[in-house]
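# I would like to see how this sequence folds:
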Amino acid sequence: MKFTQAELAAFRGGTLPDLLGPDVRLLFVGINPGLRTVAVQAHFGRRGNRFYPALYRAGILDREIDASAGFDPDDRAHLEARGVGITSLVPGATARADELSRDELTAGAASLARRVPRIGPNAVAMLGITAYRIAFGRPRAVVGRQPEDIGGAQLWVVPNPSGLNAHATAAGLGEAYREVAVAAGIDVFAPPA
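Sure, this is the predicted structure:
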């Protein structure tokens, strides 16, 4: 699916529904959706985003998912069956996450804290340390398991899969996501060769 810059700009501020199955064990929290993600109505819908390859490398999924044209119903069902949920800290789409204000991130953290008990995951994985530090008021936080829980779930910060986070390798993303998946009680597959 191709979009012009003007077509994508029309999705600014748009939203997409959370991906939540009946038994979410691991809730991934992106910072906010990108314009293309809202355009195709699929989380991490930008071709080249490393999120789904990292889930595959982590053994969370048994195959790579390409959401660049929207979710294939079988892929969506596979995510739900594996206990994976996806939401956003801030619901409104922007071209880049750094367009968000401190107030928007802080409000997103408060909203997430209210939503997590209703969703009921074992673990929540925030994608991105910088946004986490701002949103949760933890300027010295490091990647990994956080000392506090959120809504009765373990709180983790894992590397953001965006290509803008170039120092995070595909292997490193896979390792971090695998660790939180195991903590969430997901029976992971052997990593691909």
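# what comes up buried for the longest helix belonging to the chain?
Taking residue count as the measure and DSSP state H as the definition, the longest helix of the chain comes out as helix 102-119. Taking 16 or more other Cβ atoms under 10 Å as the basis for neighbour counts, the residues of helix 102-119 that come out buried are E104, L105, T106, G108, A109, L112, R115, V116, I119. Just so you know, the C-beta spots here come from the backbone N, C-alpha and C atoms, and that holds for glycine as well.
# what of stretch 182-189?
Counting neighbours by 16+ other Cβ under 10 Å, one finds that the buried residues in stretch 182-189 are V182, A183, A184, I186, V188.
# for F3, see how far away the third one is.
Look at A184 and F3: by Cβ to Cβ, to the nearest Å, they are 34 Å apart.
# re earlier: closest one of the buried residues of helix 102-119 to P192?
Distances from P192 to the buried residues of helix 102-119, taken as Cβ to Cβ, are shortest for I119 (29.0 Å).
# who's in contact with the closest one?
For I119, the contacting residues are L20, V24, L27, G85, T87, G151, taking Cβ atoms under 8 Å, 6 or more residues apart in numbering as the criterion.
# got TSV for the residues you listed, with secondary structure too?
TSV is the format used below for the contacts of I119 (DSSP: H, G, I helix; E, B strand; the rest coil):
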residue	secondary structure
L20	coil
V24	coil
L27	strand
G85	strand
T87	strand
G151	coil
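# circling back: which two of the buried residues of stretch 182-189 have the greatest separation?
Farthest pair in the buried residues of stretch 182-189 (Cβ to Cβ) is A183 and V188. Separation: 10.9 Å.
# for G108, which non-adjacent residue is spatially closest?
L89 (3.8 Å; Cβ to Cβ, 6 or more residues apart in numbering).
# do N49 as well
Counting by Cβ to Cβ, 6+ apart, P161 is the residue found nearest to N49 once chain neighbours are left out, at 5.9 Å.
# now the one you found. Its backbone dihedrals?
Geometry field for P161 lists phi and psi as phi -80, psi 0, criterion degrees, to the nearest 10.
# gap between the two ends of stretch 65-78?
When the termini of stretch 65-78 are compared using Cα to Cα, to the nearest Å, they are 10 Å apart.
# what does stretch 17-26 give?
17 Å.
# cool, stretch 91-110 as well?
Here the two ends of stretch 91-110 are set 13 Å apart, with distance taken as Cα to Cα.
# got it, and stretch 133-152?
20 Å.
# so how far is that stretch off the chain centroid?
Centroid separation for stretch 133-152 versus its chain: 16 Å, with Cα atoms, centre = their mean, to the nearest Å.
# and it, which residues are buried?
Along stretch 133-152, these residues count as buried under the neighbour rule (16+ other Cβ under 10 Å): R133, I134, A135, F136, R138, A141, V143, Q146, I150, G151.
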